[in-house]
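>>> Take a look and give me a structure for this.
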Amino acid sequence: MRLGLVLLCCLTVSAALPALAQTDSDEAAAPSEADQARDRFEAELVRQCPEKELELLSARDLRDGLDNYMAGLSQDMRDRFEKSETDHCSSMDSGAACVNLADIAAADEVGRMEDLAASICGSFLRCRDQGVCDYAR
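Numbering: from 1, shown residues only. Just a heads-up that it's a prediction; the model follows:
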């Protein structure tokens, strides 16, 4: 009796594994809206200032650039960005990369991607290597 039960459990699990694997691969294949926004942001940086290689900005340097950009926004617009940060990065373990991505997604959502990229392009002279970038100021 026990052997039959164990066999039935094994058959059930082995039948379910392909369905689980398919679900995981489908989710991995579809980029999130935030990832798509990041891709559009990086493409806009390349379009506006390709020689600066700003895709090499560290999370901290990008955070500085985003803070500068947000300082020039209206209070209503800053509130939208802050809400996006809270919605996307509610965990205490979230770092600058999460907040950066939330801000980029907010800019994309309100149609300000070109303005954001122009601001970041103006904030930095160039990047020489990953995380080795010169500020424009």
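>>> In space, not sequence, find me the middle residue of the chain.
By Cα atoms, centre = their mean, the chain has its centre lying nearest to residue 101, at 3.5 Å.
>>> check which helix or strand covers it.
According to DSSP states H and E, residue 101 maps onto helix 96-109.
>>> For the helix or strand just after that helix, what does the pLDDT average out to?
Going down the chain from helix 96-109, the next helix or strand is helix 113-123, by DSSP H and E. Average pLDDT, helix 113-123: 97.
>>> Adjacent strands (with direction) for the helix or strand just after helix 113-123?
Later in the chain than helix 113-123, the nearest helix or strand by DSSP H and E is strand 124-129. If you go by DSSP bridges, strand 124-129 pairs up with strand 132-135 (antiparallel).
>>> Can you tell me what sits against the partner strand?
Outside of strand 132-135, the residues within contact range by Cβ atoms under 8 Å, 6 or more residues apart in numbering are 54, 56, 57, 58, 61, 64, 123, 124, 125, 126, 127, 128. (Each C-beta comes from the backbone N, C-alpha and C, glycine too.)
>>> For stretch 39-55, list every residue counted as buried.
Buried residues in stretch 39-55, defined by neighbour count with 16 or more other Cβ atoms under 10 Å: 40, 41, 44, 45, 49, 52, 53, 54.
>>> How about the contacts made by the last one?
It refers to residue 54. Residues near residue 54 by Cβ under 8 Å, 6+ apart: 45, 120, 121, 124, 127, 133.
>>> what do you get for the first one?
Counting by Cβ under 8 Å, 6+ apart, residue 40 touches 108, 113.
>>> Surely residue 110 is in contact with residue 80?
Yes - with contacts defined as Cβ atoms under 8 Å, residue 110 counts as touching residue 80 at a distance of 6.5 Å.
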